[in-house]
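> Sequence and predicted structure below; questions after.
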Amino acid sequence: MNRIPTILMGLSAVLALCAAVLAWRLVGPGAQFDSGGQAARIGGAFTLTDQNGQARSDGDFHGRWVLVYFGYSYCPDVCPTTLQEIADALHRLGPRASQIVPVFITLDPERDHPQTLKTYLAAFSPEFVGLTGTAAQIASVAHAYGVYYAKHKLPGNSYSIDHTSALYLLAPNGRFEDVLDEHEGPAKLANDIGQRL
């Protein structure tokens with residue numbers, strides 16, 4: 001019995017699985033793929049409300065680099081840690097940080113109203129732009145970025161949100177540039193961003 005075809009088929013299946021896991025890690029489990037298996041375009045047009053109650057669109061940020069992070073203000077650990085790392089990375093960049101807009105998009109519009117975001121983000125940096133909107137608006141922009149999120153009930157009337165934790169870097173023309181790893185620390189993050197400025 002010839003085992004080589006069976007072994008090759010098994011190896012192909014393992015490689016396909018590895019490719020799928022890598023794609024999931026890079027663009028999130030909600031990412032869309034075209035018929036050729038290529039990751040679809042990340043990002044897109046949106047209009048949301050900032051922490052000052054003003055309507056903001058993706059076009060408002062054109063001309064500067066944009067670092068987008070999705071999370072929520074009630075997040076107990078990952079979100080505040082990541083936001084602090086972003087603030088620290090921008091501080092390390094010094095005057096060059098003026099070329100970057102750090103944007104925090106909530107995945108919890110039910111609780112994260114503009115004033116909530118204003119108070120929350122002030123603890124990290126005055127440079128942050130916080131965006132919220134209706135549940136449908138947030139779902140649309142999360143889908144455009146391939147962001148997974150799901151609400152989980154906690155005891156009582158509270159809940160938490162599981163979500164993709166990644167930093168999306170957009171070029172000054174608004175096009176998606178890269179997914180940066182927030183776990184590498186502010187020094188590496190500052191270096192990764194600084195190389196593109």
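Received it, and whenever you're ready, just let me know what you need.
> buried stuff in stretch 115-131?
Neighbour-count burial for stretch 115-131 flags 116-117, 120-121, 124-125, 128-131 (criterion: 16 or more other C-beta atoms under 10 Å). Yep, even glycine has a C-beta here, placed from its N, CA and C like the rest.
> Likewise for stretch 78-90?
For stretch 78-90, the buried set under the neighbour-count rule, 16+ other C-beta under 10 Å, comprises 79, 82-83, 85-90.
> could these go into CSV alongside distance to L197?
Output for the buried residues of stretch 78-90, formatted as CSV (distance: C-beta to C-beta, whole Å):
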residue, distance to L197
C79, 25
T82, 21
L83, 21
E85, 18
I86, 15
A87, 17
D88, 17
A89, 12
L90, 11
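> Specify which member of those is nearest to L189.
Closest to L189 out of these is A89 (4.0 Å), distances taken as C-beta to C-beta.
> roughly how far out does whichever strand or helix holds the closest one sit from the chain middle?
Assigned by DSSP states H and E, A89 falls within helix 78-93. Remark: helix 78-93 is offset 14 Å from the chain centroid, using C-alpha atoms, centre = their mean, to the nearest Å.
> With stretch 62-80 instead?
Taking mean C-alpha positions (C-alpha atoms, centre = their mean), stretch 62-80 and its chain are 7 Å apart.
> Flag every buried residue along that stretch.
Going by neighbour count (16+ other C-beta under 10 Å), the buried part of stretch 62-80 is 65-75, 79.
> helix or strand right after the one helix or strand in the chain whose mean pLDDT sits lowest?
Scoring the helices and strands of the chain by mean pLDDT, DSSP states H and E places helix 4-27 at the bottom, with a mean of 39. Going down the chain from helix 4-27, the next helix or strand is strand 47-50, by DSSP H and E.
> what pLDDT, on average, does that next one get?
Across strand 47-50, pLDDT averages out at 98.
> Partner strands of it and their direction?
In the sheet, strand 47-50 lines up against strand 55-57 (antiparallel), strand 129-132 (antiparallel) (DSSP bridges).
> roughly how far out does whichever helix or strand comes after the longest one sit from the chain middle?
So that's strand 129-132. Where DSSP H and E defines the elements, the next helix or strand beyond strand 129-132 is helix 135-144. Distance, stretch centre to chain centre, for helix 135-144: 12 Å (C-alpha atoms, centre = their mean).
> before we move on, what about stretch 116-135?
Counting by C-alpha atoms, centre = their mean, stretch 116-135 comes out at 15 Å from the chain centroid.
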